[in-house]
Every structure is written in C-alpha cells, then in structure tokens.
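In: Next one to model:
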Amino acid sequence: MMGKIGVMVCGHGSRDEGAVREFEAVSRGIRARLPQYDVESGFLEFATPIIRNGLDKLRERGVTQCLAIPGMLFAAGHAKNDIPSVLNTYQAQNPEMAIDYGRELGIDTKLLKAASDRIEEALAAAGDDVPRHETLLMVVGRGASDPDANSNVAKVMRMLWEGLGFGWGETCYSGVTFPLVEPGLEHAARLGYRRIVVFPYFLFTGILVRRIYDYADQVAARHPEIEFVKASYLNDHPAVLDAFAERVQEIIDGENLMNCKLCKYREQVLGFEAEVGLAQESHHHHVEGIGTGGTEPDHGHSHDHDHSHDHGHGHDHSHDHGHHHHPYPHADHPLGPVSMKKKSA
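Out: Numbers count the residues shown, from 1 in each chain. Below you'll find the predicted structure:
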C-alpha cells in the first residue's frame with residue numbers, strides 16, 4: 001500500500017451516553033494497539049461524531065488509504081449494507097482517499113475468551129454451591145433480520161456451553177427475531193436446572209442490556225426455586241481490543257474474508273429468498289448524528305424507538321421516513337420479533 005494509512009472504527013451509535021462512552025473507550029484501546037496509524041471513530045446513527053466526521057479528520061491529516069472496520073460483533077444489515085453505503089458514498093465524493101472495508105468481529109477465539117471471562121466472573125461472584133452440570137447458560141444476542149447473524153449467536157452459545165461444561169445451553173434475542181428474552185427464559189426455567197446464567201452477548205451497555213437484566217429479574221421472581229445469575233457484557237475486554245486490531249491487520253495482509261456463503265443478499269437463504277440482490281443503501285440518514293441527551297434536531301416528526309429495527313413489520317416503530325427494510329418473514333411469530341419493551345414486574 002502506498003501513502004499514509006489511517007484506521008476508521010465505525011460504530012452503530014446509541015442514545016445511551018454510557019454506550020457511547022464505552023465505544024469511545026474501545027476506540028482508545030484500538031488506537032493504543034495500532035500506534036503506527038492515525039485512528040478515528042464515528043457512528044452510523046444516534047451519536048456524534050458521525051462516520052463522515054472521522055473520515056474528514058483522517059483526510060485532513062493526509063491519509064490516502066483508510067482501513068475501515070465495523071465496530072460490531074456480527075455482520076447483519078448494518079455491517080453489510082448501511083456502513084458500506086456510507087463509506088462508498090464518501091469515497092465517491094473524495095476519490096483521493098481509498099477506503100478498504102474490514103470484516104466484523106465474528107466468531108473468534110478471542111471473543112470466546114472474553115465471553116468466558118465475563119461468565120466466569122459472574123459465577124465467581126455467585127459462589128460455587130451449584131455445580132456446572134446443574135446450571136443452564138442463556139446467551140442473549142442482539143437479534144437481527146438476518147439469519148446468518150442470528151445463527152452465529154447460537155454457535156457462540158454452543159461453544160461456551162460445551163467449553164465451560166454447563167448442563168444445558170439456550171439462546172434468545174433482544175428483538176427483531178425470536179425467541180425474545182422473556183419467553184426464552186420462561187422456557188429455560190421449565191428445564192429443571194437449579195441455576196440460570198444470563199449472558200448478554202453485546203459489546204456495549206444500553207437500554208436493551210438493561211431490559212435483558214430487568215426481564216431476568218422478572219422471570220426470577222416467578223421462579224424462586226431457581227437462582228438467576230446476571231453476567232456482564234463484553235465491553236473493553238483486552239481480547240476484544242486484540243480482535244479489533246487483528247481485523248485491521250487482516251485488511252493489510254489481504255486476509256479480509258467475510259463469510260458470504262450464508263449472506264441473504266447474495267444467496268437464497270431459506271425464508272429470505274426475496275432479498276437476494278437488494279440494493280446496498282443506508283437506512284439511517286434520518287438519525288445520523290442526532291446525539292444523546294435530547295440533542296435531536298427537529299425533523300417535524302418524532303423518533304421514540306430504541307432502534308429495535310422492526311421496520312415494515314407493523315411492530316414498535318412509530319415513525320415513517322419513507323424507508324423500509326424488507327419484511328421479516330416471521331414478523332408475526334408468537335415469541336417475537338417485537339423488541340423488548342419496558343415492563344413492570
């Protein structure tokens with residue numbers, strides 16, 4: 001590669017100030033691991049700086065080769081469509097800076113190490129009076145309208161279940177797909193295990209992580225015979241930061257291999273056949289850079305969702321911007337995909 005190289009970490013963004021701070025801490029950790037490069041970060045939506053701002057900073061410092069990575073666990077619509085659309089638009093407008101896009105964190109031994117540490121920390125705090133074989137592990141994924149991303153959460157759960165020696169393992173999701181957290185935990189409670197470990201497989205905090213813990217408390221109150229243990233999410237675990245740095249190096253080494261065999265936009269995935277070849281575009285211009293803490297600009301309409309991504313499903317999405325994700329084929333499933341709502345015990 002010729003010219004000055006820079007790195008752009010592309011985050012999703014959140015209305016939650018804690019999530020924004022945690023993403024910025026992760027960006028600092030990546031910067032510390034890549035001192036040879038200029039490193040900037042930005043958000044797709046709901047927070048500032050936006051991705052374009054970070055790219056502008058790199059370009060102003062003379063960067064001619066940008067290595068962009070999605071700050072996300074799995075490749076669903078954001079990593080496959082929204083962020084590439086923003087990057088492609090920027091490069092078309094600024095042809096003097098080439099942008100190469102890296103892959104998501106994915107299923108990785110470093111991420112499994114971070115996850116197992118979070119689970120072990122929670123078990124250590126809970127005590128060792130319940131053996132592993134009498135403990136059920138519930139891994140909670142974000143949930144997406146992309147079966148490839150959802151299935152990755154199930155694989156992570158299986159590898160943690162088997163690697164840590166739990167008696168059973170289950171997977172549920174915070175929204176968009178099914179089963180959701182409450183029905184998932186109710187199902188798990190009927191399986192006869194003395195302890196259930198609830199582990200949100202999320203990078204950062206936010207309203208969904210808090211609601212996961214709230215639902216765990218509510219289900220626990222209905223099942224006093226079972227001990228519920230709440231494990232922490234991944235956050236800035238050193239192994240997570242190492243994995244991000246590795247994704248940048250993969251671009252340089254030419255090993256940037258995203259799994260496209262199960263991508264619903266490229267292959268006819270069961271139930272999602274109508275989405276093959278859909279145009280690559282971002283659906284988030286209306287929430288780009290609105291910030292946290294009530295700094296949203298006035299567009300003449302409200303955004304009162306926690307970004308549950310139920311676009312076009314008739315669920316939990318109160319605004320109409322004239323854009324629509326392709327309908328989720330199981331939008332009326334009784335165990336989902338309406339995202340979690342705040343619910344009193």
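In: can you pull the contacts of residue 60?
Out: If a contact means Cβ atoms under 8 Å, 6 or more residues apart in numbering, then residue 60 has no contacts. The C-beta positions use only the backbone N, C-alpha and C, and glycine is treated the same way.
In: where's it relative to residue 68, distance?
Out: 17 Å (Cβ to Cβ, to the nearest Å).
In: tell me the mean pLDDT over stretch 169-181?
Out: For stretch 169-181, mean pLDDT rounds to 95.
In: which residues of the stretch 1-150 of the chain fall in helices?
Out: 17-33, 51-60, 77, 83-93, 109-126, 147-164 (DSSP state H, counting those that start in this stretch).
In: so of these, which one's packed in deepest?
Out: helix 77 (a mean of 22; mean count of other Cβ atoms under 10 Å).
In: And residue 19, what's its pLDDT?
Out: pLDDT, read off for residue 19, is 95.
In: Touching, it and residue 205? I think so.
Out: Yes. Counting by Cβ atoms under 8 Å, residue 19 touches residue 205, with 5.2 Å between them.
In: who's in contact with the helix or strand residue 217 falls within?
Out: Element membership for residue 217, per DSSP states H and E: helix 207-222. Contacts with helix 207-222, where a contact means Cβ under 8 Å, 6+ apart, come from 15-16, 140, 142, 174-175, 181-182, 185-186, 189, 198, 200, 202, 226, 228, 230, 233, 306, 339-343, 345.
In: Make a PyMOL selection of the buried ones in those.
Out: For the buried members of the contacts of helix 207-222, the matching PyMOL selection, counting by 16 or more other Cβ atoms under 10 Å, is:
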select buried, resi 15+16+140+142+174+175+181+182+185+186+189+198+200+202+226+228+230+233+306+339+340
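In: The contacts of helix 207-222 in strands, which ones?
Out: 140, 198, 200, 228, 230 (DSSP state E).
In: Could you tell me the end-to-end distance of stretch 68-83?
Out: 10 Å (Cα to Cα, to the nearest Å).
In: between the ones in strands among the contacts of helix 207-222, which is nearest residue 333?
Out: Proximity of the ones in strands among the contacts of helix 207-222 to residue 333 (Cβ to Cβ) peaks at residue 140, which lies at 17.1 Å.
In: ok, what's across the strand from that closest one?
Out: In this entry, residue 140 is beta-bridged to residue 172, residue 200, by DSSP bridges.
In: Any chance of a markdown table for the helices of the stretch 1-150 of the chain, columns distance to residue 253?
Out: A markdown table is the format used below for the helices of the stretch 1-150 of the chain (distance: least, Cβ to Cβ, whole Å):
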| stretch | distance to residue 253 |
| --- | --- |
| helix 17-33 | 16 |
| helix 51-60 | 21 |
| helix 77 | 27 |
| helix 83-93 | 20 |
| helix 109-126 | 17 |
| helix 147-164 | 23 |
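In: mean pLDDT lowest for which of those?
Out: The bottom spot among the helices of the stretch 1-150 of the chain, by mean pLDDT, belongs to helix 77, with a mean of 76.
In: hmm, back to that, residues of the helix holding residue 217 that come out buried?
Out: Neighbour-count burial for helix 207-222 [16+ other Cβ under 10 Å]: 207, 208, 209, 211, 212, 213, 214, 215, 216, 218, 219, 220.
In: Which of the helices of the stretch 1-150 of the chain sits closest to residue 194?
Out: It's helix 109-126; of the helices of the stretch 1-150 of the chain, that one is closest to residue 194 (Cβ to Cβ) at 11.5 Å.
In: quick one: that closest one to chain centroid distance?
Out: 18 Å (Cα atoms, centre = their mean, to the nearest Å).
In: what sits up against it?
Out: Contacts for helix 109-126 (Cβ under 8 Å, 6+ apart): 73, 105, 135, 137, 156, 159-160, 163-164, 195, 197, 199, 201, 227, 229-234, 237-240, 242-243, 246.
In: Leaving out the residues flanking it, which one is nearest to residue 43?
Out: Leaving aside its sequence neighbours, residue 43 sits nearest to residue 13 (Cβ to Cβ, 6 or more residues apart in numbering; 3.3 Å).
In: Near residue 65, how many other residues are there?
Out: 19 (other Cβ atoms under 10 Å).
In: That one and residue 22, how far apart?
Out: Applying Cβ to Cβ to residue 65 and residue 22 gives a distance of 28 Å.
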